[in-house]
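> Have a look at this prediction, sequence included:
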Amino acid sequence: MSGRTTNVGGVVSLLGAFLAAAVITGFLSAGLFLPAVGAIGGSVRTVVDLFDSLPDNFTTSPLAEQSVILAADGTKIATPYDENRVIVPLNEIASVMRTAQVAIEDHRFYEHGGADLQGILRAFISNQATGELTGGGSTLTQQYVKITLQENALRAGDKAGAAAATARNYGRKIQELKYAIQLEKTLTKDQILEGYLNLVYYGDRAYGVEAASQHYFGHGAKTLNLQEAALLAGIVQNPGTSDPVNFPEKSLARRNVVLDRMKDLGLIKDAEWKAARAVPLAAMLKVTPAKNSCQSSDYPYFCDYVLAWLKQDPSLDAVLGRGEAQRVQAIYRGGLTIQTTLDPAMARVANEEITRKVPIGNDEEIGSAAAILDTKTGAVKAIGQNTTYSVKPANRGETAVNWSVDSRYGGSIGFSFGSTAKIFTLVTALEAGWPTTSSVFAKAASPSKGADYTSKEIHGACGLGGGGWNVRNDINFPEGDISLAEATAKSINTAFVGMAIQLGGDPCKIRDTGWRMGLHQGNGKEIPPYPSAIILGTWSASPMTMASTYQTIANEGVYCPPIPVMSIVKDGKALPLPALGSACEKRVDPEVARGVTSLLEGVLRNGGTADNAGLVGGRPAAGKTGTTDNHNETWFVGYTPQLTTAVWVGTPDDKNNARRVTDLCMRQMTETKGCSAGRYAALFGMTIAAPVWKSIMDRALEGQPKVPFISPGTQIVNGEKVDIPDIARRSLDDAKALLLQSGFVPSVVKVYSNYRVGTVVGTTPKNQATRGSVVKILVSQGPAPAPTAPPEPAPPG
């Protein structure tokens with residue numbers, strides 16, 4: 001192609017540009033055919049032969065078009081694009097716009113065959129006078145060809161080809177003529193005009209007439225009036241220096257030039273011309289910036305999350321392509337309509353309730369975030385946090401990091417999730433056959449003095465190794481048995497460590513349960529094999545992840561991966577996206593899930609760690625608080641049959657800010673001013689996270705029916721009877737181990753017997769008991785002492 005253009009350029013130099021242009025365009029524009037070779041001179045014949053030999057296989061590629069991301073209710077979230085363009089058919093463009101564009105760019109458009117001899121001769125004379133090839137003379141069809149060639153080259157990453165498409169030389173112009181003439185043979189005039197109006201640049205990052213109309217006037221091209229159409233038509237000649245936003249005076253002048261031209265051509269009446277010219281520019285404009293970046297979106301964090309999900313989720317391989325480069329091309333140039341699961345009302349509620357308790361930019365630098373999921377499908381209904389979105393944060397309370405999601409989706413590595421981890425131990429215990437009425441042995445511990453555990457008690461691949469572990473409780477608890485219901489409601493740490501021990505002593509079982517329910521770190525990896533991370537949540541996960549794990553239990557054991565997109569439409573056709581809920585899988589037995597829910601309901605009842613978070617009107621709900629050892633991270637994750645929500649309140653920068661909070665008035669984090677509103681003695685899950693969760697859920701569920709949870713069956717509640725192993729005459733340690741392995745809670749009771757002191761003589765009950773129940777180990781303390789004879793009565797007198 002480039003070599004042929006050079007040859008044409010040489011011939012043009014030889015014969016003179018005027019002769020070449022006159023011969024080629026004269027014959028072609030007159031009748032679209034060339035005369036017999038003998039009828040023309042040799043030099044001219046050479047030009048004609050070369051023209052005939054030029055390629056005529058002009059093809060158009062799909063135009064880059066903006067995509068649009070919508071909320072579930074159709075609210076526009078963002079319009080990602082490389083070029084801000086919305087393609088519309090000609091009948092969606094006002095007739096006055098078509099008239100104005102043709103009038104100013106090529107008023108003989110409907111008369112010529114793609115090459116206009118009059119226009120080219122005028123341009124040639126002008127170029128000869130100036131000694132430069134300054135352009136001009138191009139028909140609207142030629143302009144369409146030129147811009148299309150440039151667009152095709154840019155799409156292919158061919159910068160040299162894009163430059164060649166607009167190069168100022170006669171060779172390029174002649175090739176352009178050939179393509180234009182060929183195009184006029186294959187497309188109608190209206191088809192060419194439609195393509196042109198969708199293609200050309202209208203300044204200020206608006207491509208095509210529809211995007212330009214929406215950008216400058218706030219409405220579509222179908223309703224453009226005369227002065228608006230004239231303004232847009234006038235921009236095309238020099239879009240970089242005549243748009244009304246950046247160059248208002250030049251834009252107004254060009255508008256009037258177009259109006260004058262339309263009047264001179266008899267296309268508008270004098271009265272229309274005067275009225276349109278009299279409208280001031282400011283009265284016309286209603287500039288609406290396109291929401292290309294998430295920063296300009298009303299939902300920036302959700303926008304970021306959706307774009308990251310679209311680029312990475314493997315379920316979209318067949319829809320958007322396998323590699324990120326293909327997906328970026330589809331998202332930013334493919335004209336997709338992406339409808340998300342976002343509920344704007346819930347998003348507003350989440351942000352309002354978070355910032356009401358934890359203001360943006362608070363002096364204590366406490367952060368908060370929430371993720372709300374549809375319990376039945378995993379659809380992401382909303383996320384929120386107490387920050388202002390900024391890719392270049394300059395002030396406290398600004399960040400582009402989405403605290404609700406994993407790092408791959410624009411989030412962080414997550415936050416230590418504390419006692420919300422206890423749900424995984426409960427699931428593991430009930431799967432092992434423990435009834436909800438079980439009891440567990442817990443060592444004595446308090447907030448100031450912990451209980452010690454050794455590798456003999458907690459062992460295996462997820463055990464303590466050669467070290468020890470000191471575990472404290474948030475309340476004083478003396479050594480002894482405690483029911484699962486009370487241990488859960490009061491969040492007794494040593495009880496849950498005791499459960500792990502009674503489940504075999506290797507916490508890997510509990511870790512596997514968490515992984516099965518969707519638990520992972522913010523980097524996507526499994527929680528590490530440390531007892532503290534597995535049992536008490538000292539490792540990190542995102543609010544979205546924690547909501548997802550609890551959703552599994554809320555949905556009666558069916559895990560649904562979080563999904564932020566409902567549908568993707570291109571060219572009016574829905575792409576084959578997996579339906580909401582289609583990726584859900586059964587991960588936990590429904591009866592086990594119901595049993596766990598019945599235990600977690602107690603957390604919100606009187607005496608539970610979140611008894612301040614019961615939902616309005618007694619709506620059934622369940623959940624769990626979470627607090628880390630240093631009170632830096634606090635949580636509440638809870639659910640109803642309709643919604644599952646995780647709320648985190650803590651220190652995003654890990655600066656021990658929450659420690660500092662215990663010594664401050666916290667006036668910014670109370671709804672009324674002044675220390676009289678009360679101090680927070682320390683941050684716990686019930687302090688801020690649980691009340692925020694309650695406020696969000698009460699408002700989000702307003703008007704929805706109160707759906708009860710399904711109660712667990714009698715076997716989950718009461719358990720099954722299993723044989724008690726014979727432990728008589730074994731060592732006390734062996735006896736305890738055998739009972740633990742069988743799923744019982746051992747308790748030692750000393751009894752009188754004829755066996756040697758310290759001998760294990762049996763159990764109570766003797767033969768069978770409910771798995772998870774307390775079985776007493778009877779240990780001999782020797783024969784009972786002989787009864788003491790009553791003292792003889794004193795002699796009388």
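Good, I have the coordinates. None of the values given here were measured: they were computed from a predicted structure. Numbers count the residues shown, from 1 in each chain.

> Would you point out which residue is most central in the chain?
Nearest residue to the geometric centre of the chain (C-alpha atoms, centre = their mean): Y305, 2.4 Å.

> Which of the helices or strands spans it?
helix 300-312 (DSSP states H and E).

> In that helix, which residues are buried?
Residues of helix 300-312 classed as buried by neighbour count (16 or more other C-beta atoms under 10 Å): P300, Y301, F302, C303, D304, Y305, V306, L307, A308, W309, L310, K311. (Each C-beta comes from the backbone N, C-alpha and C, glycine too.)

> what does stretch 730-750 give?
Buried residues in stretch 730-750, defined by neighbour count with 16+ other C-beta under 10 Å: 730, 735-740, 742-747.

> Export these to JSON lines and append columns for pLDDT and distance to S598.
Formatted as JSON lines, the buried residues of stretch 730-750 follow (pLDDT from 0 to 100; distance: C-beta to C-beta, whole Å):
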{"residue": "R730", "pLDDT": "92", "distance to S598": "36"}
{"residue": "A735", "pLDDT": "94", "distance to S598": "32"}
{"residue": "K736", "pLDDT": "90", "distance to S598": "29"}
{"residue": "A737", "pLDDT": "89", "distance to S598": "30"}
{"residue": "L738", "pLDDT": "91", "distance to S598": "30"}
{"residue": "L739", "pLDDT": "91", "distance to S598": "26"}
{"residue": "L740", "pLDDT": "84", "distance to S598": "25"}
{"residue": "S742", "pLDDT": "86", "distance to S598": "24"}
{"residue": "G743", "pLDDT": "80", "distance to S598": "19"}
{"residue": "F744", "pLDDT": "84", "distance to S598": "22"}
{"residue": "V745", "pLDDT": "79", "distance to S598": "20"}
{"residue": "P746", "pLDDT": "86", "distance to S598": "26"}
{"residue": "S747", "pLDDT": "83", "distance to S598": "25"}
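
> out of the residues you listed, which are inside helices?
Among these, the members falling in helices are A735, K736, A737, L738, L739, L740 (criterion: DSSP state H).

> ok, these vs G480, which is closest?
Here the nearest of these to G480, counting by C-beta to C-beta, is K736; it sits at 15.3 Å.

> any idea what sits nearest that closest one, other than its immediate chain neighbours?
P746 (4.5 Å; C-beta to C-beta, 6 or more residues apart in numbering).

> Tell me, domain by domain, which residues of this protein belong where.
According to automatic domain parsing, the chain is divided into the following domains: 1-54+95-200, 720-780.

> And the average pLDDT for the first one is what?
What domain 1-54+95-200 shows for mean pLDDT is 70.

> quick revisit: and the helix or strand just after the helix holding Y305, what other elements does it pack with?
Next helix or strand after helix 300-312 toward the C-terminus (DSSP H and E): helix 317-320. Packing partners of helix 317-320 (3 or more C-beta pairs under 8 Å, 6 or more residues apart in numbering; DSSP states H and E): helix 324-333.

> buried ones in the helix it packs on?
R327, V328, Q329, A330, I331, Y332, R333.

> Between the buried residues of helix 300-312, which sits nearest G685?
Of all those, G685 sits closest to Y301, with 23.1 Å by C-beta to C-beta.

> Identify the residues contacting that closest one.
C294, I383, G384, Q385, Y389, N402, S404, G410 (C-beta atoms under 8 Å, 6 or more residues apart in numbering).

> Out of those, name the ones that lie in strands.
Of the contacts of Y301, the ones assigned to strands by DSSP state E are I383, G384, Q385, Y389.

> nearest to T628, of the residues you listed?
Checking these against T628 by C-beta to C-beta gives Q385 as the nearest, at 18.9 Å.

> count of neighbours near the closest one?
The number of residues packed around Q385, counting by other C-beta atoms under 10 Å, is 26.

> Just the pLDDT for it.
With respect to pLDDT, Q385 has a value of 98.

> What of V471?
We note a pLDDT of 97 for V471 in this prediction.

> Please apply the same query to the one 3 residues further on.
Among the per-residue scores, D474 holds a pLDDT of 93.

> T627 is in contact with that one, correct?
Yes. Contact status for D474 versus T627: in contact at 6.9 Å, counting by C-beta atoms under 8 Å.

> shared neighbours of those two, which are they?
Taking C-beta under 8 Å, 6+ apart as the criterion, D474 and T627 both touch F684.

> So for these two, which residue has more residues nearby?
A count of neighbours by other C-beta under 10 Å puts T627 above the other of D474 and T627, at 29 against 21.
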